[in-house]
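Trainee: Here is my input, please return the structure:
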Amino acid sequence: MKNIKIYTLCFSVLMILGIQNMKAQESLEEYLEIAVNNNPKLKSEYAQFEAAMRKSPQVSSLPDPTLTMSGLGRMVETRVGAQEARFNIMQMFPWFGTLKARENAANLMAEAKFQSYLNSQNELIFEVKSAYAELYNLSEVIKIKEENLGILDSYRELALSRFKSGGGAMVNVIKVDIDRDGSSTEIELLKDQKKPLEVRFNLLLNREATSAVIIKDTLNVSTVLEEGNYEEQLQNHPMITGLKKQKESYIAQEIVAEKEGLPNIGLGVDYSIISKRTDSNPEGNGMDAFMPMVSVSLPIFRKKYKAAKEEAKFMAVSMENEIQDVKNELVSTLEMTLYELKKSKRLIELYNKQLQSSSQANKLYVSSFSNATGDFEEVLRINQDILMLQTQKIEAIKDGFIANAKLKYLLFETQNKYYK
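Mentor: Reported below is the predicted structural model:
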């Protein structure tokens with residue numbers, strides 16, 4: 001019975017560890033989902049959008065009615081009796097279309113806030129992808145250099161074997177040791193560099209800075225570049241769309257300023273409680289008075305309305321110029337991104353060819369040295385060349401992946417959930 005309890009406890013612990021391990025094995029898409037759901041900046045942007053949505057009911061509602069009551073002091077004497085109390089209620093109505101114009105301006109500004117949220121989400125996705133690519137690059141370089149240590153060990157054994165047989169110099173063994181020590185130090189430095197990158201990645205996801213980051217997705221540069229007018233696609237970018245909505249909002253505010261310079265109309269009722277006269281009995285003695293009322297505001301101080309209208313007009317002009325500036329910046333960034341993407345693809349193709357040729361040359365050099373006809377210096381040199389090409393290829397893959405992610409950011413491609 002005791003053993004069963006121990007086995008049960010061990011099984012439970014293993015299950016918990018297994019579940020935690022499974023949770024740690026996030027893919028890039030899962031990391032993106034965590035970031036979109038948890039990132040504080042994104043939550044802030046969405047809260048601002050929600051707040052902007054609450055502006056419309058505030059500005060499109062009628063002003064509160066006013067109720068006036070009087071019943072103390074010396075009241076007015078009327079023909080049918082003295083006033084005992086007086087009640088007056090009045091409701092003001094803005095000029096026709098004013099409330100609708102206010103609502104329209106507020107809704108357009110809320111739409112601009114939503115576009116700002118979309119742009120922040122788009123930027124976050126790009127940042128997470130970029131950070132993931134940096135970690136991928138570092139992990140792959142460490143793996144390549146660790147594999148190279150094994151290759152250097154085999155070269156050391158070969159050089160030592162040649163020395164013992166009298167066919168080689170001890171200096172060859174020393175040269176391998178020098179390369180090996182240098183490679184080991186580089187690996188340790190790269191591992192130290194990995195920690196701050198993992199912290200940055202985790203903070204983008206708004207989780208514990210020390211959380212494990214598992215790099216299990218293989219990066220690829222799969223975007224097929226087609227000839228087309230990419231500048232037209234930039235028109236859908238949320239930065240431009242948001243600025244356009246702001247411009248429309250300011251145009252609507254110009255209409256609001258114009259309408260607020262028109263009279264407000266008030267409708268109300270005046271009700272007086274009349275006491276009966278005791279000294280006489282006129283017709284309608286003690287009858288309460290009921291009087292409909294109409295009031296009109298007189299907007300004669302025009303400076304504030306004119307200033308509000310001009311303010312909205314200047315802001316609309318400002319948005320127009322900002323839209324053009326953002327367009328120019330996006331087009332410039334797009335051209336550079338397309339260049340980076342093409343460059344990465346060509347470099348990857350070049351490195352693949354060079355690695356294939358270098359691997360063949362490496363086999364020939366090793367074979368020649370083994371047969372006492374080759375120079376060991378050439379063996380080490382070609383090995384370093386292969387190592388350099390491998391790291392350059394990984395770097396090109398990283399750069400291509402980041403350029404591909406930026407291209408999707410610029411073109412705001414939404415056909416897939418996280419623009420993967």
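
Trainee: Wait, a helix at Pro282?
Mentor: No. Counting by DSSP: H, G, I helix; E, B strand; the rest coil, Pro282 is not part of a helix but coil.

Trainee: what stretches of the protein score poorly on pLDDT?
Mentor: 1-25, 71-81, 222-229, 286, 373, 413-420 (pLDDT under 70).

Trainee: hey, where'd the helices end up in it?
Mentor: 2-24, 28-38, 40-53, 55-59, 98-164, 170-204, 230-233, 238-260, 303-370, 376-411 (DSSP state H).

Trainee: Make a markdown table from those helices and add mean neighbour count to it.
Mentor: For every residue, glycine as well, the C-beta is placed using N, CA and C. Below are the helices of the chain laid out as a markdown table (neighbours: other CB atoms under 10 Å):
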| stretch | mean neighbour count |
| --- | --- |
| helix 2-24 | 10 |
| helix 28-38 | 17 |
| helix 40-53 | 15 |
| helix 55-59 | 14 |
| helix 98-164 | 19 |
| helix 170-204 | 15 |
| helix 230-233 | 13 |
| helix 238-260 | 21 |
| helix 303-370 | 15 |
| helix 376-411 | 20 |
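
Trainee: Now render these as a markdown table, adding distance to Asn281.
Mentor: Shown next, in a markdown table, are these (distance: least, CB to CB, whole Å):
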| stretch | distance to Asn281 |
| --- | --- |
| helix 2-24 | 93 |
| helix 28-38 | 81 |
| helix 40-53 | 63 |
| helix 55-59 | 54 |
| helix 98-164 | 51 |
| helix 170-204 | 89 |
| helix 230-233 | 88 |
| helix 238-260 | 53 |
| helix 303-370 | 55 |
| helix 376-411 | 89 |
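
Trainee: Looking at the ones you listed, which is nearest to Val294?
Mentor: helix 98-164 (18.1 Å; CB to CB).

Trainee: Tyr365 against Leu380, yeah?
Mentor: No. With contact defined as CB atoms under 8 Å, Tyr365 does not count as touching Leu380 (9.2 Å).

Trainee: joint contacts of the two?
Mentor: Shared contacts of Tyr365 and Leu380, defined by CB atoms under 8 Å, 6 or more residues apart in numbering, are absent.

Trainee: what's the distance between Gly166 and Ala372?
Mentor: From Gly166 over to Ala372 the distance is 10 Å, taken as CB to CB, to the nearest Å.

Trainee: next one: Ala85
Mentor: Counting by CB to CB - Ala85 and Ala372 are separated by 124 Å.

Trainee: Same drill for the two, tell me which one is more crowded.
Mentor: Ala85 (15 against 11; other CB atoms under 10 Å).

Trainee: so what's the more buried one up against?
Mentor: Taking CB under 8 Å, 6+ apart as the criterion, Ala85 is in contact with 69-71, 272-273.

Trainee: quick one: which of the residues you listed sit in strands?
Mentor: In strands, defined here by DSSP state E, the members of the contacts of Ala85 are 69-70, 272-273.

Trainee: Turn these into TSV, columns for neighbour count and distance to Glu146.
Mentor: What follows is the ones in strands among the contacts of Ala85, written out as TSV (neighbours: other CB atoms under 10 Å; distance: CB to CB, whole Å):
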residue	neighbour count	distance to Glu146
Met69	11	88
Ser70	13	92
Ser272	20	97
Ile273	16	98
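
Trainee: Can you list phi and psi of Ser60 for me?
Mentor: phi -100, psi 10 (degrees, to the nearest 10).

Trainee: so how far is Thr98 from it?
Mentor: Taken as CB to CB, the span from Ser60 to Thr98 is 9 Å.
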